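Trainee: just coords:
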């Protein structure tokens with residue numbers, strides 16, 4: 001029996017958009033229900049096509065702008081609105097930065113219950129295009145490279161990505177249409193070293209492109225770091241340097257201090273901050289990242305690395321540190337990590353987060369445990385997307 005085609009008309013709503021949500025959609029209301037509208041801007045009147053419904057909210061996309069925001073600009077990317085990689089190319093960059101600080105403040109008020117959160121203006125990026133040093137392209141049956149849209153799950157061929165480093169775009173052009181049989185192609189590039197890591201090996205596809213490397217190197221603030229394929233590294237090299245400088249400033253380190261670096265990765269903070277303290281105690285779960293960190297700290301005598309889960313190792317450490325960095329993944333800190341910090345609280349704590357919701361949750365627990373939230377500094381690592389990096393500084397009351 002042939003399945004009948006769905007002939008229902010797509011629902012379209014005329015809405016006044018009033019705010020911007022954390023996940024990047026403008027917000028409006030219809031009959032009391034929240035509607036998240038992709039590609040809208042607060043202050044606009046727009047027609048929104050509904051793509052998904054739940055009992056609490058609706059999600060859709062702007063298909064017609066009736067009253068445009070003064071911050072609306074023409075997106076330069078031909079794939080904008082379909083690939084899903086960028087959500088904010090239609091918003092002028094200064095307003096993107098303003099929205100990010102506003103969203104952080106809203107998350108701290110709503111989730112963290114901070115009445116007047118001390119959120120600073122976003123540190124903006126000098127390079128707003130071609131900043132990404134890491135791409136993960138999907139493939140289709142014809143061997144084309146591209147991305148898969150998040151909501152509609154459609155493959156979209158990409159010939160140039162406006163936020164990827166030009167070197168990555170050059171490799172994309174060379175490989176386009178040749179990757180049949182592969183699931184994905186991952187490309188990482190050292191913007192300051194001209195080294196690369198490409199997986200999987202492409203020797204049988206194009207042996208002129210070096211691929212299958214175990215690791216590559218990148219340089220931050222004059223120091224080289226080895227990064228293996230399984231290790232995390234920031235996707236924006238220039239803004240990673242800015243982030244490190246912000247963290248160093250907020251820690252206000254002294255030469256007689258012990259510094260804790262929790263979720264230490266390949267040792268970026270530990271290595272670059274070691275000259276400013278007596279000793280760094282670094283903890284990282286990933287074996288690949290710790291192996292990289294051992295290479296990266298060569299010649300530096302005042303770093304001690306522990307491999308394992310932070311929530312297991314930190315409670316067992318007996319030494320009291322004077323300053324600490326928490327730089328957890330998107331899910332935030334394990335409750336046992338927060339408990340261990342509060343048991344032996346350092347005088348100064350800097351929390352680096354890529355998720356303002358989990359940041360707000362953890363800051364509330366830390367402040368209920370005796371810390372005062374001094375300030376929260378958004379740093380824009382990801383122009384033209386809704387993603388937000390924050391550096392929160394806490395001091396012991």
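Mentor: Done, it's in. Because the structure is predicted, anything quoted here is derived from the model rather than measured.

Trainee: which one's the longest helix in this protein?
Mentor: Assignment by DSSP state H gives helix 93-110 as the longest helix of the chain.

Trainee: for that one, buried residues please.
Mentor: Neighbour-count burial for helix 93-110 flags 93, 95-108 (criterion: 16 or more other Cβ atoms under 10 Å). Every C-beta, even on glycine, is put in place using the N, C-alpha and C of the backbone.

Trainee: that one packs against which elements?
Mentor: Helix 93-110 sits against strand 19-20, helix 356-368, strand 371-379, with contacts defined as 3 or more Cβ pairs under 8 Å, 6 or more residues apart in numbering; DSSP states H and E.

Trainee: name the residues that touch the helix or strand just after the first one?
Mentor: Read that as strand 19-20. Using DSSP states H and E, the helix or strand that directly follows strand 19-20 along the chain is strand 26-30. Around strand 26-30, the neighbours that count as contacts under Cβ atoms under 8 Å, 6 or more residues apart in numbering are 13, 15-21, 34-42, 44, 46, 48, 58, 62.

Trainee: and the residues you listed, which of them are in strands?
Mentor: 13, 15-16, 19-20, 34-38, 46, 48, 58, 62 (DSSP state E).

Trainee: now, of those, which are buried?
Mentor: By 16+ other Cβ under 10 Å, the ones in strands among the contacts of strand 26-30 give 13, 15, 20, 35, 36, 37, 38, 46, 48, 58, 62 as buried.

Trainee: who does the third one bridge with?
Mentor: The partner list for residue 20 in beta bridges (DSSP bridges) reads residue 26.

Trainee: separation between it and residue 61?
Mentor: Relative to residue 61, residue 20 is positioned 15 Å away (Cβ to Cβ, to the nearest Å).

Trainee: how about residue 200, what does it touch?
Mentor: 182, 185, 211, 212.

Trainee: among those, the buried ones, what's the PyMOL command?
Mentor: Buried residues within the contacts of residue 200, by 16+ other Cβ under 10 Å, are selected in PyMOL with:
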select buried, resi 182+185+211
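
Trainee: can I get the contacts of residue 200 in JSON lines including distance to residue 86, pLDDT and secondary structure?
Mentor: Compiled in JSON lines, those are given as follows (distance: Cβ to Cβ, whole Å; pLDDT from 0 to 100; DSSP: H, G, I helix; E, B strand; the rest coil):
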{"residue": "182", "distance to residue 86": "24", "pLDDT": "96", "secondary structure": "coil"}
{"residue": "185", "distance to residue 86": "20", "pLDDT": "98", "secondary structure": "strand"}
{"residue": "211", "distance to residue 86": "27", "pLDDT": "97", "secondary structure": "coil"}
{"residue": "212", "distance to residue 86": "30", "pLDDT": "97", "secondary structure": "coil"}
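
Trainee: can you map out the helices along the stretch 151-300 of the chain?
Mentor: 166-175, 237-251, 268-273, 287-296 (DSSP state H, counting those that start in this stretch).

Trainee: list the residues that contact the most centrally placed residue in the chain.
Mentor: The residue lying closest to the centre of the chain (Cα atoms, centre = their mean) is residue 354, at 4.9 Å. Neighbour list for residue 354: 330, 381, 387, 388, 389, 390 [criterion: Cβ under 8 Å, 6+ apart].

Trainee: hang on, the earlier thing: among the helices of the stretch 151-300 of the chain, which is the most enclosed?
Mentor: helix 268-273 (a mean of 24; mean count of other Cβ atoms under 10 Å).

Trainee: now distance to residue 361 and mean pLDDT too, for the helices of the stretch 151-300 of the chain, in CSV please.
Mentor: Formatted as CSV, those follow (distance: least, Cβ to Cβ, whole Å; pLDDT from 0 to 100):
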stretch, distance to residue 361, mean pLDDT
helix 166-175, 35, 98
helix 237-251, 20, 98
helix 268-273, 22, 98
helix 287-296, 25, 98
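
Trainee: any chance of those in a markdown table with distance to residue 135 as columns?
Mentor: Putting the helices of the stretch 151-300 of the chain into a markdown table (distance: least, Cβ to Cβ, whole Å) gives the following:
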| stretch | distance to residue 135 |
| --- | --- |
| helix 166-175 | 5 |
| helix 237-251 | 14 |
| helix 268-273 | 21 |
| helix 287-296 | 20 |
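
Trainee: for residue 367, find the nearest of the ones you listed.
Mentor: Minimum separation from residue 367 across the helices of the stretch 151-300 of the chain (Cβ to Cβ) falls at helix 237-251, 16.3 Å.

Trainee: what's the first-to-last distance across stretch 212-223?
Mentor: 24 Å (Cα to Cα, to the nearest Å).

Trainee: mind listing what's buried in it?
Mentor: 215, 216, 217, 218, 220.

Trainee: now swap in stretch 347-359 and tell me
Mentor: Buried, per 16+ other Cβ under 10 Å, within stretch 347-359: 348, 349, 350, 351, 352, 353, 354, 355, 356, 357, 358, 359.

Trainee: thinking again about what came up before, out of the helices of the stretch 151-300 of the chain, which is closest to residue 374?
Mentor: helix 237-251 (8.2 Å).

Trainee: per-residue confidence for the residue nearest to the centre of the chain?
Mentor: Per-residue pLDDT puts residue 354 at 96.

Trainee: so how far is residue 385 from it?
Mentor: Counting by Cβ to Cβ, the gap from residue 354 to residue 385 is 11 Å.

Trainee: residue 250 against residue 349, yeah?
Mentor: No. Contact criterion Cβ atoms under 8 Å: residue 250 and residue 349 do not qualify, at 9.6 Å.

Trainee: so what's residue 77 closest to, chain neighbours aside?
Mentor: residue 162 (4.5 Å; Cβ to Cβ, 6 or more residues apart in numbering).

Trainee: switch the contacts of residue 200 over to a markdown table; also include distance to residue 277.
Mentor: Listed next are the contacts of residue 200 as a markdown table, based on distance: Cβ to Cβ, whole Å:
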| residue | distance to residue 277 |
| --- | --- |
| 182 | 45 |
| 185 | 41 |
| 211 | 40 |
| 212 | 39 |
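
Trainee: alright, calling it a day.
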